[in-house]
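Sharing a model that was predicted from the sequence below.
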Amino acid sequence: MKKKRQRLISVLLIPDDNAEPYSFRLSWTKAKIIMAVAAVLVLHMILGVVGYVQYAKVSSENAELERSNTRLLEDNKRVYRLSAQLEAMDRDQGKIMSLLGVDNHKSGRATLNASLLPNLAAATESAPDAEIPEPAATVGEGGTEAKGSGRLLMADARESNRFPVNLPTLLPVQGFLSEEFSREVKMPWQTHAGIDIAGKRGSVVVASGGGYVVFAGWHNDLGNLVIIHHGGDLFSYYGHNDRLLVREKSLVKRGDPIALLGSTGRSSGPHLHFEISQGGKSVDPREFLLTLRSGSLP
């Protein structure tokens, strides 16, 4: 019986110089092994590239999640800090209300009855020496005022002083009413919990009413934010400030400077976001601000 002849593969290597060619032979079995190893190596390289791309993508997503978690933790810390400050403020409520000149009830908290609000405009109209200035524009030739621009003027201090010192009745900054309060709830971005007053960057923002500063710091949306507690369940918010002039746990009087107008946070230009919250719900600042309740503005 004849022995089966082994199949061989000859490989000839020819250098590009004048060197002698080199050749060698491989058995068909060894050639198959070498080709299989080469295929495995190529497949490994392809899988390695695909895996690296996936790893880079997942790593980027994880980094973004970590940044989001960090922001959430910072927001939670601010919420917890604000909650602790509110609890401490409640414990000191009697002292605070005494300094504000507001009578305390048996519950130890000063109540701000909403029925007082409709009387603000009536009381203002009946006061002969506390008229609210007309909206003014630029001063023309001869010193006469060009009316009708809708420019907001700071309300007369005598006018605001006719009401409890803690009520936020004073316009917090001079400027233009650029956006109204809106309760529209069809879309989340259509709601606007306060009013926007556009003005010159660096303009002084004052406390609309006397109270206790429960927050003075950074907010992701409202930038440099001040929150003042006016007693009971009444709070006022002053957002997008360039710089804060007050610290937390400090007492302020109506008209005290609390910040400088700016465009921090989610803002397209220098303006003040002014918001009033009563009973845990945002209310129209027109119900409090004497300048806007006068009917001199649209």
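Received it, and whenever you're ready, just let me know what you need.

What does the pLDDT read for Cys111?
No Cys there; residue 111 is Thr. At Thr111, the pLDDT value in this model is 36.

for Asp221, that is, sorry about that
At Asp221, the model reports a pLDDT of 89.

In contact with it, which residues?
Gly239, Gly265, Arg266 (C-beta atoms under 8 Å, 6 or more residues apart in numbering). From N, CA and C alone the C-beta is placed, and that goes for glycine too.

closest to Trp218 among those residues?
Among the contacts of Asp221, Gly265 lies closest to Trp218 (C-beta to C-beta), at 8.1 Å.

I figured that closest one hits Gly217, correct?
No - using C-beta atoms under 8 Å, Gly265 makes no contact with Gly217, being 11.7 Å away.

The two: which is more packed in?
Gly265 (17 against 14; other C-beta atoms under 10 Å).

how close does the more buried one get to Asn224?
Distance of Gly265 to Asn224, given as C-beta to C-beta, to the nearest Å: 7 Å.

Find the residues that touch each one of those two.
Gly239, His240.

check which helix or strand covers Leu26.
Assessed by DSSP states H and E, Leu26 sits inside strand 22-27.

okay, and the common contacts of Gly265 and Gly217?
Shared contacts of Gly265 and Gly217 (C-beta under 8 Å, 6+ apart): Asn224, Leu225.

tell me the helices in the stretch 151-298 of the chain, going along the chain?
Assigned helices in the stretch 151-298 of the chain, in chain order: 157-160, 290-293 (criterion: DSSP state H, counting those that start in this stretch).

Let me see the mean pLDDT of the first one.
The predicted model gives helix 157-160 an average pLDDT of 57.

All further residue positions should be reported with the first residue as 435.
Okay, residue one is now 435; in that scheme the one you just asked about reads as helix 591-594.

got the domain boundaries for this structure?
435-514, 526-727 (automatic domain parsing).

tell me, which of those domains is the model least confident about?
With a mean of 72, domain 526-727 has the lowest mean pLDDT of the domains of the chain.

Of the contacts of Asp655, which belong to strands?
The members of the contacts of Asp655 that map onto strands under DSSP state E are Gly673.

which among the contacts of Asp655 gets closest to Asp690?
Gly673 (17.7 Å).

residues near the closest one, how many?
By other C-beta under 10 Å, 26 other residues sit near Gly673.

Okay, and the beta partners of it?
His707 (DSSP bridges).

who are the neighbours in contact with it?
Contacts of Gly673 by C-beta under 8 Å, 6+ apart are His653, Asp655, Leu656, Gly657, Asn658, Leu659, Gly699, Leu706, His707, Phe708, Glu709.

Now restrict those to buried residues only.
His653, Leu656, Gly657, Asn658, Leu659, Gly699, Leu706, His707, Phe708, Glu709 (16 or more other C-beta atoms under 10 Å).

what's the nearest residue to the fourth one if we skip its chain neighbours?
Ranked by C-beta to C-beta, 6 or more residues apart in numbering and with sequence neighbours excluded, the top spatial neighbour of Asn658 is Asn675, at 4.1 Å.

and that neighbour, how many residues sit next to it?
26.

Surely it and Trp652 touch.
No - the pair Asn675 / Trp652 is not scored as a contact, 10.3 Å apart, by C-beta under 8 Å.

correct me, but Ser642 touches Ile692?
No - Ser642 is beyond contact range of Ile692, at 9.4 Å (criterion: C-beta under 8 Å).

Those two: which has the busier surroundings?
Ser642 (28 against 23).

Tell me who's in contact with Val445.
Counting by C-beta under 8 Å, 6+ apart, the residues that Val445 touches are Ser457, Phe458, Arg459, Leu460.

Any idea how many residues pack against the nearest residue to Ala522 once chain neighbours are set aside?
Spatially, and ignoring its direct neighbours in sequence, Ala522 is nearest to Lys683 (7.9 Å; C-beta to C-beta, 6+ apart). For Lys683, the neighbour count with other C-beta under 10 Å is 14.

could you check the distance from Lys683 over to Gly628?
24 Å.

Check whether Pro449 sits in a helix, strand or coil.
Judged by DSSP: H, G, I helix; E, B strand; the rest coil, the three-state class of Pro449 is coil.
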